[in-house]
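what's the 3D shape of this:
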Amino acid sequence: MSETSVESLVEELLERSDSELDERVRDLELERRRVEAELALAAGEIDRRRSYLDDGHRSLKAYLRATCNYSDAEAARVGRLTTATGSIPGVAEALRGGRIGIPQANELAVAHANKRVRERLVDFAPMLLELAERLSFREFRTCVERFVMLADLDGAHRDLGESIENRRARVVNLNGSLHLDGNGGDPLVNVELEAIFQYFCELEYDADVAARRAEHGDRADEYPLPRTAAQRSYDAFVAIMRGALANHQAGRSAPAAEPVVNILTDHRTWAAILAEAGLAPDSNLAGEHIDPFTGLTSPDDLLDELMADPDGLASRRCETSTGQVLHPHVVLRAALAGHIRRAVLGADGLPINLGRKVRVFTGAARDAAKLLAVQCDHLGCGLPAELCQVDHSVGWSDGGRTDQVNAGVECGGHNREKHRKRWRTRRDVHGRIHTIRADGTIMLPVGVRPPVFPDEPRNEPPAAIPPDVERTIDSWVDDTSCDIERRCRSLRRTAIRHATTLDGLDTGALIRHLRMPVPAAVDPGHCTPISTTEPPVRD
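Model (predicted):
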């Protein structure tokens, strides 16, 4: 394209309205997806014919490097996408039709390159393609990571062990410039390190804010902070290193308080974790596979269970509150060595569903709402949920309840803008929050079909567990002389309460199930868990 034509295009774009520019960007993105799909299909046919041999190329990757002048990385990406579009049903159609983006298709292609999960990926393709359309890219990537882990738990465990075994870190001064390098390690330790670093970055930010106010007084907000975010991050690292050295030299060897790391798991995944570890029964007297908490028959394969639940992969949680997917063994280690709180029902009976009694989300209700989100609910905003505000999806003035089902997590800027521009938010039938403009249109990514909303907002709190059932469960937990067994029962009680509340189970059958003998996973003589598959436990 000549320079003149570019200038003409720029002039044309300058004359367009905001809505026309938005429509143009959407049209270009749809065309880009169509071209990418056709490129993958065409490259697939070249690979099938092996016509790249005519010009002396030994592979499709070499052909793409020569013909399209691609880098090695780009040639490999297109090659993976080519294989995926030819092997995973529906991917080429969804990409060419614009329903999924190129990054989402690439994620599926990377998963398909893993030979250990390739066969199951084909079975789950319809579910994953639906999630690719209606979830943000970050949420979809997490779902793909969950699928890969569940489809190959043994392989994921080996990868975890190798990551811990091959952990490394290095701090090097090269010509007066600092270089940090590290990889691998225990996932929980890595999450802890990230939290520590972010904590010190916040301290540096607070120091900048205080210094600016001391210098400029009430007009402080009109002036920039003394340091950039990048500079504060470097200074935070220096503060960590110097603080650690000072503590060591002063003989303060006692470990500092660990930062709070929230690990989230739904009650069905938690049941599978305990059953696999032999800490809960997974079959009845007839030999049928059962839910360890409810006693009801269920598929013996977690992926088979998810196949029967289209929203299952999106709703399952086995990760940190920041979205880092964890292996079930890591979650079990954390639970046995740490503390569990019922994030949905509230720890120690704290009221989380407050109905119309309280206008704002505070305390446990606010904490739970942030735990259930990863980032700001506003489309395209990536601010972490822990830095966001909690507000009502259905406004208080419109009769909205202060309950988790009506909680929305938004950053301060988008929360204020929502009220100023009279936007509304509403959950669809899958539980995802959408922002609705004042004119009634929904903010949606390009190519995504309109969401389906329930006829009536489901703001009713879950039914309470009968007191006699609560007492029976508590008595069952205490009815053992083994400390580890009591701790395991306490962990099971957490998920039992959640399952009973949400699923409306037969409490009589539940009580009979609790009294079933648990498979021998504990040595009665020493009260020590027997396990040969757990990764190394951190002291």
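
count of residues packed around the nearest residue to residue 425 once chain neighbours are set aside?
Spatially, and ignoring its direct neighbours in sequence, residue 425 is nearest to residue 393 (4.6 Å; Cβ to Cβ, 6 or more residues apart in numbering). Where C-beta positions appear, they are placed from N, C-alpha and C, glycine not excepted. Neighbourhood size, residue 393 [other Cβ atoms under 10 Å]: 20.

Against residue 415, how distant is residue 393?
Look at residue 393 and residue 415: by Cβ to Cβ, to the nearest Å, they are 12 Å apart.

do residue 321 as well
20 Å.

pLDDT value on the residue nearest to residue 425, please?
Looking at residue 393, its pLDDT stands at 71.

coming back round to it: so between residue 321 and residue 415, which is more surrounded?
Under the criterion of other Cβ under 10 Å, the comparison of residue 321 against residue 415 puts residue 321 first, with 22 against 19.

who's in contact with that one?
Contact partners of residue 321, counting by Cβ atoms under 8 Å, 6 or more residues apart in numbering, are 262, 263, 264, 370, 371, 374, 385, 386.

So residue 69 belongs to a helix, correct?
No: assessed with DSSP: H, G, I helix; E, B strand; the rest coil, residue 69 is coil; it does not lie in a helix.

Residue 411 - how many residues pack around it?
20.

Quick one: residues contacting it.
By Cβ under 8 Å, 6+ apart, the residues touching residue 411 are 376, 378, 381, 383, 387, 388, 389.

Name all residues that make contact with residue 376.
By Cβ under 8 Å, 6+ apart, residue 376 lies in contact with 382, 383, 385, 388, 409, 410, 411, 414.

Helices of the stretch 1-150 of the chain, residue ranges please.
3-14, 18-49, 60-67, 72-87, 91-96, 102-112, 118-134, 137-151 (DSSP state H, counting those that start in this stretch).

Looking at those helices, which one is packed in the most?
Of all those, helix 91-96 has the most neighbours on average by mean count of other Cβ atoms under 10 Å, namely a mean of 22.

Could you look up the SS state of the residue nearest the centre of the chain?
By Cα atoms, centre = their mean, the chain has its centre lying nearest to residue 323, at 3.2 Å. Put simply, residue 323 is coil when judged by three-state DSSP.

swap in residue 264?
strand.

my guess is it meets residue 319, correct?
Yes: judged on Cβ atoms under 8 Å, residue 264 makes contact with residue 319 at a distance of 6.1 Å.

Can you pick out the residue with more neighbours from the two?
Neighbour count, other Cβ under 10 Å: between residue 264 and residue 319, residue 319 has more, with 24 against 19.

What's opposite the more buried one in the beta bridge?
residue 264, residue 325 (DSSP bridges).

Please tell me how far it sits from residue 371.
Residue 319 is 11 Å from residue 371, by Cβ to Cβ.

How about residue 473?
24 Å.

same question, residue 198
Plainly put, residue 198 is 17 Å away from residue 371 if you go by Cβ to Cβ.

For the two, indicate the residue with more neighbours.
Counted by other Cβ under 10 Å, residue 198 and residue 371 do not tie: residue 371 has more neighbours, with 20 against 17.

What backbone torsions are found at that one?
Dihedral angles of residue 371 (phi, psi; degrees, to the nearest 10) stand at phi -70, psi -30.

same question, residue 172
Reported as degrees, to the nearest 10, the phi and psi values for residue 172 are phi -130, psi 140.

Quick check: it touching residue 182?
No: taking contacts as Cβ under 8 Å, residue 172 lies outside contact range of residue 182: 11.3 Å.

When these two are compared, which one has more neighbours?
residue 182 (12 against 9).

contact partners of whichever strand or helix holds the more buried one?
Residue 182 is part of strand 177-183, with elements assigned from DSSP states H and E. Among residues not part of strand 177-183, those counted as contacts by Cβ under 8 Å, 6+ apart are 167, 168, 169, 170, 171, 172, 173, 234, 237.

Is the fifth one in a helix, a strand, or coil?
Going back to what we said before, that points to residue 171. Classification of residue 171 by three-state DSSP places it in strand.
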